[in-house]
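> coords please:
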Amino acid sequence: MFSIKAKDPSSGARAGVMQTGHGDILTPIFMPVGTQGSVKGIHQHELNDEVKAQIILGNTYHLYLRPGLEILERAGGLHRFIAWNKPMLTDSGGYQVYSLSGMRKIKEEGVKFQSHIDGSYHLFTPENVMDIQRTIGADIVMAFDECTPYPCDFQYAKRSMGMTHRWLNRCISRFDETESKYGYDQIFAPIVQGSTYPELRKESAEFVASCNRAMNAIGGLSVGEPHEDMYAMTELVCGILPYDKPRYLMGVGLPENILESIALGIDFFDCVLPTRNARHGILYTSEGVIHIKNAKWKDDLSAIDSRSTSHLSQKHSKAYLRHLFQAGEMLALQIASLHNLCFFLWLVETARVKIIAGEFAAWKNHIIPTLRQKL
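I've put the predicted structure just below:
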(Lines give C-alpha, C1' and ligand atoms only; values in the text may rest on other atoms or scores of the structure.)
Protein backbone atom coordinates (compact mmCIF):
# COMPACT_ATOMS: atom_id res chain seq x y z
CA MET A 1 0.00 0.00 0.00
CA PHE A 2 2.98 2.33 0.67
CA SER A 3 6.47 1.79 -0.65
CA ILE A 4 9.53 3.96 -0.18
CA LYS A 5 11.42 4.48 -3.44
CA ALA A 6 14.30 6.66 -2.23
CA LYS A 7 15.74 8.21 0.91
CA ASP A 8 17.85 11.34 1.17
CA PRO A 9 21.27 10.39 2.59
CA SER A 10 21.59 13.56 4.71
CA SER A 11 18.12 13.76 6.29
CA GLY A 12 15.00 11.77 7.08
CA ALA A 13 13.35 12.76 3.81
CA ARG A 14 11.94 9.97 1.68
CA ALA A 15 10.12 9.62 -1.64
CA GLY A 16 7.32 7.08 -1.69
CA VAL A 17 4.22 5.83 -3.46
CA MET A 18 0.90 5.24 -1.72
CA GLN A 19 -1.81 3.19 -3.40
CA THR A 20 -5.47 4.16 -2.96
CA GLY A 21 -8.80 3.23 -4.49
CA HIS A 22 -8.56 6.21 -6.83
CA GLY A 23 -4.93 5.94 -7.88
CA ASP A 24 -1.38 6.23 -6.65
CA ILE A 25 -0.03 9.22 -4.70
CA LEU A 26 3.63 10.16 -5.10
CA THR A 27 5.06 11.52 -1.87
CA PRO A 28 5.97 13.91 -0.41
CA ILE A 29 2.69 15.56 -1.34
CA PHE A 30 0.65 18.65 -0.53
CA MET A 31 -3.15 18.32 -0.45
CA PRO A 32 -5.23 21.36 -1.48
CA VAL A 33 -8.07 21.89 0.98
CA GLY A 34 -11.56 21.56 -0.48
CA THR A 35 -13.47 22.08 2.74
CA GLN A 36 -17.01 22.01 1.34
CA GLY A 37 -16.37 19.97 -1.78
CA SER A 38 -14.63 22.89 -3.46
CA VAL A 39 -11.10 24.27 -3.39
CA LYS A 40 -12.03 27.94 -3.21
CA GLY A 41 -11.73 29.72 -6.55
CA ILE A 42 -10.39 26.66 -8.40
CA HIS A 43 -12.32 24.44 -10.81
CA GLN A 44 -11.71 20.69 -10.71
CA HIS A 45 -10.21 20.67 -14.22
CA GLU A 46 -7.69 23.31 -13.08
CA LEU A 47 -6.82 21.21 -10.03
CA ASN A 48 -6.17 18.30 -12.33
CA ASP A 49 -4.54 19.92 -15.37
CA GLU A 50 -2.87 23.07 -14.02
CA VAL A 51 -2.21 22.47 -10.31
CA LYS A 52 -1.64 18.75 -10.94
CA ALA A 53 -3.07 17.93 -7.53
CA GLN A 54 -2.83 14.23 -6.76
CA ILE A 55 -5.22 14.31 -3.79
CA ILE A 56 -7.53 16.87 -2.22
CA LEU A 57 -8.99 17.18 1.26
CA GLY A 58 -12.64 17.51 2.32
CA ASN A 59 -14.10 18.38 5.71
CA THR A 60 -16.41 15.98 7.53
CA TYR A 61 -17.99 18.64 9.74
CA HIS A 62 -18.90 20.97 6.88
CA LEU A 63 -20.03 18.26 4.45
CA TYR A 64 -22.18 16.63 7.13
CA LEU A 65 -24.01 19.92 7.71
CA ARG A 66 -24.16 20.94 4.06
CA PRO A 67 -25.01 19.47 1.57
CA GLY A 68 -25.73 16.60 3.98
CA LEU A 69 -25.27 12.85 3.87
CA GLU A 70 -28.47 11.97 2.01
CA ILE A 71 -27.53 13.78 -1.19
CA LEU A 72 -23.92 12.58 -0.99
CA GLU A 73 -25.03 8.96 -0.72
CA ARG A 74 -27.53 9.37 -3.56
CA ALA A 75 -24.76 10.84 -5.69
CA GLY A 76 -22.53 7.84 -5.00
CA GLY A 77 -20.14 9.64 -2.66
CA LEU A 78 -18.24 12.91 -2.72
CA HIS A 79 -16.01 11.91 -5.65
CA ARG A 80 -19.00 11.65 -7.97
CA PHE A 81 -20.83 14.58 -6.40
CA ILE A 82 -17.99 16.98 -7.26
CA ALA A 83 -16.67 15.12 -10.35
CA TRP A 84 -13.22 14.36 -8.92
CA ASN A 85 -11.78 10.97 -9.84
CA LYS A 86 -8.48 11.15 -7.97
CA PRO A 87 -7.78 10.33 -4.30
CA MET A 88 -9.43 12.27 -1.51
CA LEU A 89 -8.96 12.54 2.27
CA THR A 90 -11.52 13.67 4.83
CA ASP A 91 -10.63 14.96 8.27
CA SER A 92 -12.90 13.89 11.10
CA GLY A 93 -14.21 17.19 12.40
CA GLY A 94 -11.85 17.19 15.36
CA TYR A 95 -10.24 20.47 14.35
CA GLN A 96 -13.65 22.11 13.95
CA VAL A 97 -14.45 20.92 17.47
CA TYR A 98 -11.30 22.75 18.56
CA SER A 99 -12.13 25.92 16.64
CA LEU A 100 -15.80 26.14 17.72
CA SER A 101 -14.93 26.50 21.40
CA GLY A 102 -17.98 28.60 22.18
CA MET A 103 -20.42 26.27 20.41
CA ARG A 104 -19.55 22.79 21.64
CA LYS A 105 -19.32 20.58 24.72
CA ILE A 106 -16.84 17.71 24.90
CA LYS A 107 -17.72 14.57 26.85
CA GLU A 108 -16.52 10.98 26.85
CA GLU A 109 -19.42 10.01 24.60
CA GLY A 110 -18.41 12.55 21.98
CA VAL A 111 -18.95 16.20 21.16
CA LYS A 112 -22.27 18.04 21.17
CA PHE A 113 -22.11 21.15 19.03
CA GLN A 114 -24.22 23.82 17.42
CA SER A 115 -24.24 24.26 13.69
CA HIS A 116 -22.60 27.51 12.61
CA ILE A 117 -25.25 27.63 9.85
CA ASP A 118 -28.56 27.49 11.71
CA GLY A 119 -27.75 26.90 15.39
CA SER A 120 -29.16 23.35 15.39
CA TYR A 121 -27.62 20.83 17.80
CA HIS A 122 -25.67 17.74 16.70
CA LEU A 123 -23.59 15.01 18.29
CA PHE A 124 -20.34 13.65 16.87
CA THR A 125 -19.14 10.37 18.36
CA PRO A 126 -16.23 8.19 17.23
CA GLU A 127 -18.78 5.75 15.83
CA ASN A 128 -20.96 8.10 13.82
CA VAL A 129 -17.94 10.03 12.52
CA MET A 130 -16.73 6.76 10.98
CA ASP A 131 -20.21 6.21 9.50
CA ILE A 132 -20.25 9.75 8.12
CA GLN A 133 -16.85 9.27 6.47
CA ARG A 134 -18.02 5.96 5.03
CA THR A 135 -20.90 7.84 3.40
CA ILE A 136 -18.71 10.68 2.15
CA GLY A 137 -16.47 8.02 0.65
CA ALA A 138 -12.96 9.49 0.89
CA ASP A 139 -10.03 7.19 0.16
CA ILE A 140 -8.37 8.17 3.47
CA VAL A 141 -10.47 8.78 6.58
CA MET A 142 -9.20 10.23 9.83
CA ALA A 143 -9.80 9.22 13.44
CA PHE A 144 -12.00 11.42 15.63
CA ASP A 145 -9.77 13.28 18.07
CA GLU A 146 -9.57 16.40 20.19
CA CYS A 147 -7.12 19.02 19.00
CA THR A 148 -5.85 20.82 22.09
CA PRO A 149 -5.19 24.58 21.95
CA TYR A 150 -1.82 26.23 22.43
CA PRO A 151 -0.77 27.00 25.05
CA CYS A 152 -2.27 24.10 26.95
CA ASP A 153 -1.40 23.00 30.48
CA PHE A 154 0.05 19.54 30.98
CA GLN A 155 -2.89 18.00 32.85
CA TYR A 156 -5.41 19.14 30.25
CA ALA A 157 -3.20 17.84 27.44
CA LYS A 158 -2.83 14.49 29.23
CA ARG A 159 -6.58 14.10 29.83
CA SER A 160 -7.35 15.08 26.26
CA MET A 161 -4.79 12.65 24.88
CA GLY A 162 -6.25 9.83 26.97
CA MET A 163 -9.73 10.53 25.63
CA THR A 164 -8.39 10.76 22.07
CA HIS A 165 -6.85 7.29 22.54
CA ARG A 166 -10.13 5.88 23.88
CA TRP A 167 -11.96 7.47 20.99
CA LEU A 168 -9.38 5.94 18.63
CA ASN A 169 -10.18 2.45 19.90
CA ARG A 170 -13.87 3.11 19.28
CA CYS A 171 -13.13 4.48 15.80
CA ILE A 172 -11.14 1.38 14.91
CA SER A 173 -13.87 -0.96 16.16
CA ARG A 174 -16.54 0.84 14.10
CA PHE A 175 -14.35 1.18 11.01
CA ASP A 176 -13.40 -2.51 11.07
CA GLU A 177 -16.99 -3.70 11.47
CA THR A 178 -18.28 -1.63 8.53
CA GLU A 179 -17.50 -1.59 4.83
CA SER A 180 -17.00 1.01 2.13
CA LYS A 181 -20.23 1.93 0.35
CA TYR A 182 -18.88 2.57 -3.13
CA GLY A 183 -16.81 -0.43 -4.14
CA TYR A 184 -13.27 0.61 -3.18
CA ASP A 185 -11.26 0.25 0.02
CA GLN A 186 -10.86 3.14 2.43
CA ILE A 187 -7.74 3.72 4.52
CA PHE A 188 -8.06 4.66 8.20
CA ALA A 189 -5.47 6.91 9.85
CA PRO A 190 -5.06 7.46 13.63
CA ILE A 191 -3.80 10.81 14.94
CA VAL A 192 -1.00 11.45 17.45
CA GLN A 193 -1.76 14.17 20.02
CA GLY A 194 -0.02 15.43 23.17
CA SER A 195 0.45 19.17 22.62
CA THR A 196 4.12 20.25 22.94
CA TYR A 197 4.95 17.88 25.83
CA PRO A 198 7.58 15.32 24.75
CA GLU A 199 6.45 12.64 27.23
CA LEU A 200 2.85 12.90 26.00
CA ARG A 201 3.85 12.89 22.34
CA LYS A 202 6.00 9.81 22.97
CA GLU A 203 3.15 8.00 24.72
CA SER A 204 0.66 8.94 22.02
CA ALA A 205 2.99 7.97 19.16
CA GLU A 206 3.62 4.59 20.76
CA PHE A 207 -0.12 4.03 21.19
CA VAL A 208 -0.86 5.01 17.59
CA ALA A 209 1.98 2.82 16.29
CA SER A 210 0.57 -0.13 18.22
CA CYS A 211 -2.73 0.20 16.34
CA ASN A 212 -0.90 -0.97 13.20
CA ARG A 213 -2.91 0.99 10.63
CA ALA A 214 -1.85 1.71 7.05
CA MET A 215 -1.18 5.42 7.63
CA ASN A 216 -0.53 7.65 10.65
CA ALA A 217 -1.03 11.34 11.32
CA ILE A 218 0.30 13.99 13.68
CA GLY A 219 -2.27 16.51 14.90
CA GLY A 220 -2.35 19.36 17.38
CA LEU A 221 0.56 21.23 15.82
CA SER A 222 0.61 24.42 13.73
CA VAL A 223 -1.89 25.89 16.22
CA GLY A 224 0.27 28.79 17.36
CA GLU A 225 3.30 27.10 18.91
CA PRO A 226 6.81 28.23 17.91
CA HIS A 227 8.14 26.51 14.81
CA GLU A 228 11.00 25.06 16.84
CA ASP A 229 8.50 23.24 19.07
CA MET A 230 6.61 21.95 16.06
CA TYR A 231 9.79 20.55 14.55
CA ALA A 232 10.88 19.02 17.87
CA MET A 233 7.55 17.23 18.33
CA THR A 234 7.52 16.10 14.70
CA GLU A 235 11.03 14.69 14.93
CA LEU A 236 10.20 12.87 18.16
CA VAL A 237 7.04 11.33 16.73
CA CYS A 238 8.63 10.36 13.40
CA GLY A 239 11.25 8.44 15.37
CA ILE A 240 8.48 6.28 16.86
CA LEU A 241 5.89 5.85 14.10
CA PRO A 242 6.56 2.94 11.71
CA TYR A 243 9.10 3.84 9.06
CA ASP A 244 7.33 1.90 6.31
CA LYS A 245 3.99 3.73 6.62
CA PRO A 246 3.14 7.25 5.42
CA ARG A 247 3.11 10.09 7.94
CA TYR A 248 0.75 13.04 7.67
CA LEU A 249 1.46 16.33 9.47
CA MET A 250 -1.94 17.97 9.68
CA GLY A 251 -2.47 21.65 8.89
CA VAL A 252 1.11 22.53 7.89
CA GLY A 253 1.88 25.08 6.56
CA LEU A 254 4.36 27.62 5.24
CA PRO A 255 6.76 26.54 2.46
CA GLU A 256 9.72 26.42 4.87
CA ASN A 257 7.63 24.40 7.37
CA ILE A 258 6.90 21.85 4.67
CA LEU A 259 10.52 21.46 3.61
CA GLU A 260 11.82 21.23 7.18
CA SER A 261 9.16 18.64 8.00
CA ILE A 262 9.95 16.59 4.89
CA ALA A 263 13.51 16.46 6.20
CA LEU A 264 12.15 14.98 9.43
CA GLY A 265 10.28 12.20 7.61
CA ILE A 266 6.82 13.62 6.84
CA ASP A 267 5.06 12.54 3.63
CA PHE A 268 1.65 14.29 3.57
CA PHE A 269 0.69 17.94 4.16
CA ASP A 270 -2.41 20.10 3.93
CA CYS A 271 -3.14 23.72 4.73
CA VAL A 272 -5.65 26.43 3.79
CA LEU A 273 -2.80 28.95 3.68
CA PRO A 274 -2.13 28.94 -0.11
CA THR A 275 -5.71 29.83 -1.06
CA ARG A 276 -6.61 31.88 2.02
CA ASN A 277 -3.54 34.09 1.73
CA ALA A 278 -3.99 34.32 -2.04
CA ARG A 279 -7.38 35.92 -1.49
CA HIS A 280 -5.59 38.62 0.52
CA GLY A 281 -3.01 39.17 -2.20
CA ILE A 282 -0.13 37.21 -0.65
CA LEU A 283 1.73 35.17 -3.25
CA TYR A 284 4.40 32.52 -2.68
CA THR A 285 6.99 32.40 -5.44
CA SER A 286 10.32 30.79 -6.22
CA GLU A 287 11.98 34.12 -5.37
CA GLY A 288 10.12 34.95 -2.15
CA VAL A 289 6.81 36.30 -0.87
CA ILE A 290 4.94 39.00 -2.79
CA HIS A 291 2.24 41.26 -1.33
CA ILE A 292 0.71 42.04 -4.69
CA LYS A 293 -1.53 44.86 -3.41
CA ASN A 294 1.52 46.99 -2.57
CA ALA A 295 2.03 50.03 -4.80
CA LYS A 296 5.53 48.87 -5.76
CA TRP A 297 3.97 46.37 -8.20
CA LYS A 298 1.78 48.95 -9.97
CA ASP A 299 4.09 49.30 -12.98
CA ASP A 300 5.87 45.93 -12.84
CA LEU A 301 5.16 44.17 -16.12
CA SER A 302 7.29 41.12 -15.31
CA ALA A 303 5.62 37.73 -14.90
CA ILE A 304 4.09 36.86 -11.53
CA ASP A 305 6.64 34.01 -11.34
CA SER A 306 8.55 33.01 -14.44
CA ARG A 307 9.45 29.64 -12.90
CA SER A 308 5.88 28.75 -11.97
CA THR A 309 4.20 25.65 -13.37
CA SER A 310 1.07 27.79 -13.80
CA HIS A 311 0.79 29.21 -17.31
CA LEU A 312 -1.24 32.10 -15.86
CA SER A 313 1.66 33.01 -13.55
CA GLN A 314 3.98 33.12 -16.56
CA LYS A 315 1.48 34.84 -18.85
CA HIS A 316 0.17 37.60 -16.56
CA SER A 317 2.20 40.40 -15.03
CA LYS A 318 2.39 41.56 -11.45
CA ALA A 319 0.95 44.90 -12.54
CA TYR A 320 -2.09 43.23 -14.09
CA LEU A 321 -2.78 41.07 -11.05
CA ARG A 322 -2.45 44.10 -8.77
CA HIS A 323 -4.88 45.96 -11.02
CA LEU A 324 -7.41 43.13 -10.68
CA PHE A 325 -7.16 43.29 -6.88
CA GLN A 326 -7.53 47.08 -6.89
CA ALA A 327 -10.57 46.80 -9.15
CA GLY A 328 -12.19 44.14 -6.95
CA GLU A 329 -12.32 41.62 -9.80
CA MET A 330 -13.01 37.99 -8.89
CA LEU A 331 -10.36 36.97 -11.40
CA ALA A 332 -7.73 38.35 -9.01
CA LEU A 333 -8.65 35.75 -6.39
CA GLN A 334 -8.71 32.98 -8.97
CA ILE A 335 -5.31 33.75 -10.49
CA ALA A 336 -3.68 34.26 -7.09
CA SER A 337 -5.17 31.04 -5.68
CA LEU A 338 -4.18 29.04 -8.73
CA HIS A 339 -0.66 30.44 -8.60
CA ASN A 340 -0.15 29.60 -4.91
CA LEU A 341 -1.44 26.05 -5.30
CA CYS A 342 0.79 25.50 -8.33
CA PHE A 343 3.73 26.78 -6.31
CA PHE A 344 3.05 24.45 -3.35
CA LEU A 345 2.70 21.44 -5.64
CA TRP A 346 5.88 22.48 -7.48
CA LEU A 347 7.65 22.67 -4.12
CA VAL A 348 6.83 19.11 -3.03
CA GLU A 349 7.39 17.72 -6.53
CA THR A 350 10.83 19.33 -6.63
CA ALA A 351 11.52 17.98 -3.13
CA ARG A 352 10.73 14.50 -4.41
CA VAL A 353 13.08 14.91 -7.36
CA LYS A 354 15.86 16.12 -5.05
CA ILE A 355 15.30 13.20 -2.64
CA ILE A 356 15.59 10.70 -5.48
CA ALA A 357 18.76 12.43 -6.66
CA GLY A 358 20.19 12.41 -3.12
CA GLU A 359 20.36 16.20 -3.07
CA PHE A 360 17.41 17.17 -0.88
CA ALA A 361 19.16 18.42 2.27
CA ALA A 362 21.53 20.70 0.38
CA TRP A 363 18.72 22.04 -1.83
CA LYS A 364 16.46 22.67 1.18
CA ASN A 365 19.12 24.62 3.03
CA HIS A 366 19.81 26.69 -0.08
CA ILE A 367 16.21 27.52 -1.02
CA ILE A 368 14.58 28.20 2.36
CA PRO A 369 16.22 31.65 2.86
CA THR A 370 14.95 32.63 -0.59
CA LEU A 371 11.40 31.42 0.10
CA ARG A 372 11.29 33.39 3.35
CA GLN A 373 12.30 36.76 1.94
CA LYS A 374 9.65 39.40 1.31
CA LEU A 375 9.98 40.98 -2.10
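> and residue 269, how many neighbours?
24 (other C-beta atoms under 10 Å). No exception for glycine: its C-beta is placed from N, CA and C like everyone else's.
> Specify the helix with the largest residue count in the protein.
Taking DSSP state H as the assignment, the helix of the chain that covers the most residues is helix 330-357.
> Need the phi and psi values for residue 120.
phi -70, psi 150 (degrees, to the nearest 10).
> measure the closest residue to residue 275 other than its chain neighbours to residue 13 for me?
In space, and not counting its chain neighbours, residue 275 is closest to residue 337: 4.6 Å by C-beta to C-beta, 6 or more residues apart in numbering. Noted for residue 337: a distance of 28 Å to residue 13, by C-beta to C-beta, to the nearest Å.
> do the same with residue 83
Using C-beta to C-beta, which is the criterion applied here, residue 83 is 34 Å from residue 13.
> More neighbours: the two, which one.
residue 13 (25 against 9).
> Can you tell me how far that one is from residue 240?
With C-beta to C-beta as the criterion, residue 13 and residue 240 are 18 Å apart.
> hang on, residue 310 packs against residue 344?
No: under the criterion of C-beta atoms under 8 Å, residue 310 makes no contact with residue 344, lying 11.1 Å away.
> show me where the stretch 201-350 of the chain has helices.
227-238, 255-264, 273-278, 311-315, 318-327, 330-357 (DSSP state H, counting those that start in this stretch).
> Check which residues of the longest one are buried.
Put plainly, it is helix 330-357. For helix 330-357, a neighbour-count test (16 or more other C-beta atoms under 10 Å) marks 332-352, 354-355 as buried.
> same question, the shortest one
Of the residues in helix 311-315, those scored as buried under the neighbour-count criterion (16+ other C-beta under 10 Å) are 312-313.
> Distance from the chain centre to it, please.
Relative to its parent chain, helix 311-315 has a centroid offset of 26 Å by C-alpha atoms, centre = their mean, to the nearest Å.
> got it, and stretch 224-233?
17 Å.
> what is the rounded mean pLDDT of it?
Averaging pLDDT along stretch 224-233 yields 97.
> where does the residue lying closest to residue 324 once chain neighbours are set aside land on pLDDT?
Leaving out its chain neighbours, the residue that sits closest to residue 324 by C-beta to C-beta, 6+ apart is residue 332, at 3.5 Å. At residue 332, the model reports a pLDDT of 97.
> Is residue 332 in contact with residue 318, as I believe?
No: with contacts counted by C-beta under 8 Å, residue 332 stays clear of residue 318, the gap being 11.9 Å.
> Now the helices of the stretch 201-350 of the chain in CSV, please, with extra columns for distance to residue 95.
Below are these laid out as CSV (distance: least, C-beta to C-beta, whole Å):
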stretch, distance to residue 95
helix 227-238, 16
helix 255-264, 17
helix 273-278, 14
helix 311-315, 30
helix 318-327, 30
helix 330-357, 20
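> Looking at those helices, which is nearest to residue 109?
Evaluated over the helices of the stretch 201-350 of the chain, closeness to residue 109 peaks at helix 227-238, with 28.0 Å, by C-beta to C-beta.
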